[in-house]
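# Provide a 3D model corresponding to the input given below.
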Amino acid sequence: MATTIDSQSLPTLLGGFDEKARADLATYGYCLIAGALSPDEVEALRRRLDEQAAGEAAAGVATFDAGGANQRVWNLINKGEAFRRLVLHPLAGVAMDHLVGSPHLLSSITANIAAQGGQPMILHSDQGYVTMPQPPYAMVANIMWMLDDFTEDNGATRVVPGSHQLGAAFLAPGSDEAATAVPATGPAGTALIFDGRLLHGTGANTTAEPRRGILTYFCRTYVRQQENFTLSIRDDVLAAASEELKDLLGFRCQNTLGGVEGPRVGSLVGRPADPVGELSG
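All right, here's what the predicted structure looks like:
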């Protein structure tokens, strides 16, 4: 089982992705970094998430799962500057360079608020859609940013250590492999970084308090993103976005992929005001 890397090692980690983190990812398929977010960052993210979740519920546009107890908040890029800063966090950059290569794309940024009474999620791989047999490396990878203490009782993400080597899309409840799942626990501010092949799932929250986490999900540049940012991003957010953020969202042509009116290698692209249509000479 991976052990939590103390926050005091974070500067070293950001300089070259700590060897302990690399070793845990190779052996177990995940690693835990305590203190990845400061208390102020945790508070800002938690406050904005609570506001957004309440607003979506009041507006009738919220998504609930796990039997209706847990709330999902999608496409956080549009929903607050704190979320946009999170996808540019230095830890995310070095971790994803290591797992899925550089450059890489943000596949989605979502929140999972687990409340009392929710059903545990089936143990699954985030790249289970990749044709079997899967390649011996991650096509996608994820970071769960813990905004509350993650404990076994409040539904901490359950992981199956070493399952990134199994090549399985999911595990049937009650199977021998599923029985080896363990909760990935840590104090608020911890980052759970995991390989896209790792079998994992939300646990059951048996406490009276919500357990909040934000998932920044990344992919290789040739993998289709979970969120279609080129369609779903708000105009005002796109207008204010830095080049670095646009790169992550898929607005830069990578090799011959992602072009507008053909490949424009290395160029930032935008929505054409009037795409070329049917013409005649």
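# where in the stretch 51-200 of the chain is pLDDT low?
Counting by pLDDT under 70, the stretch 51-200 of the chain contains no low-confidence segment.
# Give me the distance from stretch 97-117 to the chain's centre.
Centre-to-centre, stretch 97-117 and its host chain are 1 Å apart (C-alpha atoms, centre = their mean, to the nearest Å).
# List the buried residues of it.
98-100, 104-116 (16 or more other C-beta atoms under 10 Å). For the C-beta atoms, the positions are set from N, CA and C on the backbone; glycine is no exception.
# Stretch 268-278 now?
Counting neighbours by 16+ other C-beta under 10 Å, the buried set in stretch 268-278 is residue 269.
# Determine the longest helix present in this protein.
helix 39-59 (DSSP state H).
# packing partners for the helix or strand just after that helix?
Downstream of helix 39-59, the first helix or strand assigned by DSSP states H and E is strand 63-65. Helices and strands touching strand 63-65, by 3 or more C-beta pairs under 8 Å, 6 or more residues apart in numbering; DSSP states H and E, are strand 70-73.
# Go ahead and confirm residue 121 touches residue 66.
Yes - Residue 121 is within contact range of residue 66, at 6.7 Å (criterion: C-beta atoms under 8 Å).
# what's the distance between the residue lying closest to residue 208 once chain neighbours are set aside and residue 43?
Leaving aside its sequence neighbours, residue 208 sits nearest to residue 116 (C-beta to C-beta, 6 or more residues apart in numbering; 5.8 Å). Distance, residue 116 to residue 43, by C-beta to C-beta, to the nearest Å: 23 Å.
# Need the overlap of contacts for residue 121 and residue 66.
Residues touching both residue 121 and residue 66 (C-beta atoms under 8 Å, 6 or more residues apart in numbering) are residue 202.
# Do I have it right that residue 203 meets residue 157?
Yes - if you go by C-beta under 8 Å, residue 203 and residue 157 touch, sitting 6.7 Å apart.
# Out of these two, name the residue with the larger neighbour count.
residue 157 (28 against 24; other C-beta atoms under 10 Å).
# That one is in contact with residue 213, isn't it?
Yes - assessed by C-beta under 8 Å, residue 157 is found in contact with residue 213 at 7.4 Å.
# Can you check which residues contact both of these two?
Joint contacts of residue 157 and residue 213 (C-beta under 8 Å, 6+ apart) are 144, 150.
# Between residue 203 and residue 157, which contacts overlap?
In contact with both residue 203 and residue 157: residue 183, using C-beta under 8 Å, 6+ apart.
# All the helices of this protein, residue numbers only.
Under DSSP H, the chain gives helices at 10-16, 19-28, 39-59, 81-87, 90-100, 229-232, 235-240, 243-249.
# my guess is the residue nearest to residue 208 contacts residue 206, does it?
Yes - applying C-beta under 8 Å, one finds residue 116 in contact with residue 206, separated by 6.7 Å.
# Near residue 190, how many other residues are there?
25.
# where's it relative to residue 111, distance?
16 Å.
# now swap in residue 126 and tell me
Distance, residue 126 to residue 111, by C-beta to C-beta: 16 Å.
# got a list of what residue 172 touches?
residue 178.
# how far away is it from residue 199?
11 Å.
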